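Novice: Sequence and predicted structure below; questions after.
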Amino acid sequence: MQTEHTLKQYDTELESVRAKVLQMGGLVEQQIVDALQALIHADFNLAEQVIENDHRVNALEVSVDEDCSHIIARRQPAAGDLRMIMMVVKTVTDLERIGDEAAKIARIAQKTCQSDRMYSPRFNEIKTMVSLVCEMLRTSLDAFARLDVSRTIEVARQDELVDEHFRAAMRQLITFMLEDPRTISMSLDVLWVAKAIERIGDHSKNIAEYVVYMVKGKDVRHTSVQEMEREALQ
């Protein structure tokens, strides 16, 4: 009975950690949405809220890391459970970095609110990127929650689309700057935002790759989409 009780406690601890990761993911996703809304609508207060909420993301990362350290020390997990703990630690690191990128976008939003420049930033070039990375993050978290490797391939393919959109936006912005130097400051702001969004896509893909590692025991980082698909589906 004691062994059964201990196992139930262990399962509860693992489930609690997974729940915190999903809570952190939901908060980070809201941070992205709010940061982009602040940017598009020049909402200084909403941008300030995003920056202030970043400490909540950081606190969740610290809390999950501590929980994982305690589980390793007390339970000495092996095999699949150890992979789960490793995946969780890596996942919250990427979520925290996504939160940092959202805060970075919020700071640019504040800068544009306070600016009296002749040209206001145009963000049409990045709207599709925003939709894609938000979908990538949701899909990665859903794959994490369900341990569903089939969803991870979708994320990897979307990351390639995000990269294409980033390169297209960069070419367009460079053209603006060359044609009219007065747009340089505005174009650079849009470029920094586009880069932040591209990095959010990279971190979302990382989370999807950790799911493949958890379920299949295969490290698919730094591989092509085709190699990732082959490892995930075999």
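Specialist: Arrived safely, thanks for sending.
Novice: What does the pLDDT read for residue 112?
Specialist: Note for residue 112: predicted pLDDT of 82.
Novice: What residues of the one helix or strand it maps to count as buried?
Specialist: Under the criterion of DSSP states H and E, residue 112 resides in helix 79-114. Buried residues in helix 79-114, counted by 16 or more other Cβ atoms under 10 Å: 81, 83-110, 112-113. C-beta: built from backbone N, CA, C; applies to glycine.
Novice: got it, and stretch 8-16?
Specialist: Within stretch 8-16, the residues scored as buried using 16+ other Cβ under 10 Å are 13, 14.
Novice: repeat for stretch 14-29
Specialist: For stretch 14-29, the buried set under the neighbour-count rule, 16+ other Cβ under 10 Å, comprises 14, 17, 18, 20, 21, 24, 25, 27, 28, 29.
Novice: chain center to that stretch: distance?
Specialist: A distance of 13 Å separates the centroid of the chain from that of stretch 14-29, by Cα atoms, centre = their mean, to the nearest Å.
Novice: do the same with stretch 192-202
Specialist: The answer for stretch 192-202 is 10 Å, by Cα atoms, centre = their mean.
Novice: What average pLDDT does that stretch get?
Specialist: 96.
Novice: Residue 209: which element?
Specialist: In this assignment (DSSP H and E), residue 209 forms part of helix 184-216.
Novice: what sits up against the helix or strand following that helix?
Specialist: Per DSSP H and E, helix 184-216 leads on to helix 225-233 as the next helix or strand towards the C-terminus. For helix 225-233, contacts defined as Cβ atoms under 8 Å, 6 or more residues apart in numbering pick out 149-150, 152-153, 156-157, 160, 209, 212, 216, 218, 220, 223.
Novice: Point out where the chain drops to low pLDDT.
Specialist: Low-confidence segments of the chain, defined by pLDDT under 70, are located at 1-6, 115-122, 124-125.
Novice: quick one, longest helix in it?
Specialist: In terms of residue count, the longest helix belonging to the chain (DSSP state H) is helix 2-40.
Novice: so that helix versus helix 184-216, what angle?
Specialist: What separates the directions of helix 2-40 and helix 184-216 is an angle of 160 degrees, with axes from the mean of the first three to the mean of the last three Cα atoms, to 10 degrees.
Novice: count of residues packed around residue 190?
Specialist: Burial of residue 190 is recorded as 24 neighbouring residues (other Cβ atoms under 10 Å).
Novice: err, residue 157, not the other one
Specialist: Neighbouring residues of residue 157 were enumerated by other Cβ under 10 Å; the total is 14.
Novice: so who does it touch?
Specialist: Residues touching residue 157, when contacts are defined by Cβ under 8 Å, 6+ apart, comprise residue 225.
Novice: State the helix or strand in which it lies.
Specialist: With the criterion set as DSSP H and E, the secondary-structure element containing residue 157 is helix 150-179.
Novice: and what of residue 148?
Specialist: For residue 148, no secondary-structure element claims it when assigned by DSSP H and E, so it is in no helix or strand.
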